[in-house]
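Engineer: Could you work out the structure for the sequence below:
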Amino acid sequence: MNTAIAEAEEPQAADKDLQAVHRLKTACSNIKAELGKVIVGQEEVVDQVLIAVITRSHALLVGVPGLAKTLLVSTLSQTLHLSFKRIQFTPDLMPSDITGTEVIYQDPATNERQFRFLKGPIFANMILADEINRTPPKTQAAMLEAMQERKITVAGTDFPLPDPFFVIATQNPIEQEGTYPLPEAQLDRFMFMILVDYPTGAEERQIMRMATGVAAARPQPVMSQEEILDLQQIVRRMPVAEHVYAYAERLVRVTRPKSPEALDFCKKWLTWGAGPRAGLNLIMAAKARAMLGGNYYVSCDDVAAMALPIFRHRMIPNFAAQCESVRPDDITRKILETVPKDGKLP
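Structural biologist: Presented below is the predicted three-dimensional model:
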């Protein structure tokens, strides 16, 4: 009897997941439409940020000032109906400015004094860590610890962060004087390093019209917190074929110059390759990309499409690569051209 009930429940669960994939594709189109009321272009950036959201991950945006990075994140929080806080990182920012601090509270009725914790801006669903490389390592470490543990500890008491919880950090690639670059081990905590580029000519004219004309319509919420949490679980349940796992594994292992599987140009140009977290993120991001496209399976093309923003901050070029002006993106593209998608399973 129990077996029959379980077999009947499995198709129902599968049907719900298929419906959820359809809902996500529709919601993604609606989200982009709402973002389009304020943001012009940047479709690839929006897709990658959405993938980070539905995979319960964090992302790092890198771009020069004025490319609407802050506006993108704040508008996305509105469309997802999430609480939003922006933290401007400066050299004098302290960890307690982010996490919160204890203060002495006096009860007006009894005059009794006690410590009370005042929550900092980290207690929001979506955090914009603006110019995270402009604050000292101690404050960076406090922020990144909260990202990983999804809680903070003050005076021996744990305070869980809200769920869902996402951090979108930004970095300015220019004006590096007086900055504190994130160590590679901390960069590895971000699923993506997303490059935000200049708009095209047509997009720039559209930005001028929108920014200098009548105020645009306010974006409307498209998804709820409960729907986001549900989608995060559905992404994890999405099946992946064994040959897709094998393709992702090969992409990661060939980057390690001391590994027997390393490609010759990786041995020539890299000091260190991508770690195990790169493979995990490749699979999770590929699942989310497939769902956003309305597909019910993950392909090697989905994995390959996610390689650039995942490998970008996880491969360390050596002096030879720097002399030849070879960037991590150049190496990743060469890897994608070299490693076959239809290779035999080991």
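
Engineer: model confidence over stretch 70-78, on average?
Structural biologist: The average of the pLDDT scores along stretch 70-78 is 82.

Engineer: Actually, stretch 95-105.
Structural biologist: 80.

Engineer: What's the end-to-end length of that stretch?
Structural biologist: When the termini of stretch 95-105 are compared using C-alpha to C-alpha, to the nearest Å, they are 21 Å apart.

Engineer: Strands of the stretch 201-346 of the chain, start to end?
Structural biologist: Secondary structure of the stretch 201-346 of the chain by DSSP state E, counting those that start in this stretch: the strands cover 270-272, 316-317.

Engineer: same deal with the stretch 51-200 of the chain?
Structural biologist: Secondary structure of the stretch 51-200 of the chain (DSSP E, counting those that start in this stretch): strands at 59-62, 84-88, 100-106, 113-119, 126-130, 151-154, 157-160, 166-171, 192-195.

Engineer: can you list these in JSON lines and add distance to Cys323 and mean neighbour count?
Structural biologist: Yep, even glycine has a C-beta here, placed from its N, CA and C like the rest. Converted to JSON lines, the strands of the stretch 51-200 of the chain look like this (distance: least, C-beta to C-beta, whole Å; neighbours: other C-beta atoms under 10 Å):
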{"stretch": "strand 59-62", "distance to Cys323": "23", "mean neighbour count": "23"}
{"stretch": "strand 84-88", "distance to Cys323": "37", "mean neighbour count": "17"}
{"stretch": "strand 100-106", "distance to Cys323": "47", "mean neighbour count": "12"}
{"stretch": "strand 113-119", "distance to Cys323": "49", "mean neighbour count": "11"}
{"stretch": "strand 126-130", "distance to Cys323": "33", "mean neighbour count": "24"}
{"stretch": "strand 151-154", "distance to Cys323": "44", "mean neighbour count": "16"}
{"stretch": "strand 157-160", "distance to Cys323": "48", "mean neighbour count": "11"}
{"stretch": "strand 166-171", "distance to Cys323": "24", "mean neighbour count": "25"}
{"stretch": "strand 192-195", "distance to Cys323": "23", "mean neighbour count": "22"}
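
Engineer: Make TSV from those strands and add distance to Met210 to it.
Structural biologist: Conversion of the strands of the stretch 51-200 of the chain to TSV gives the following (distance: least, C-beta to C-beta, whole Å):
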stretch	distance to Met210
strand 59-62	21
strand 84-88	21
strand 100-106	37
strand 113-119	36
strand 126-130	21
strand 151-154	39
strand 157-160	39
strand 166-171	22
strand 192-195	22
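
Engineer: on that earlier part again, the strands of the stretch 201-346 of the chain: which one's closest to Tyr297?
Structural biologist: strand 270-272 (32.2 Å; C-beta to C-beta).

Engineer: Spell out which strands sit alongside the closest one in the sheet and which way each one runs.
Structural biologist: With DSSP bridges as the test, strand 270-272 is paired with strand 316-317 (antiparallel).

Engineer: Give me the distance from the partner strand to the chain's centre.
Structural biologist: 21 Å (C-alpha atoms, centre = their mean, to the nearest Å).

Engineer: Give me the distance between Leu24 and Lys138.
Structural biologist: According to C-beta to C-beta, to the nearest Å, Leu24 stands 39 Å off from Lys138.

Engineer: I appreciate the help and will end here.
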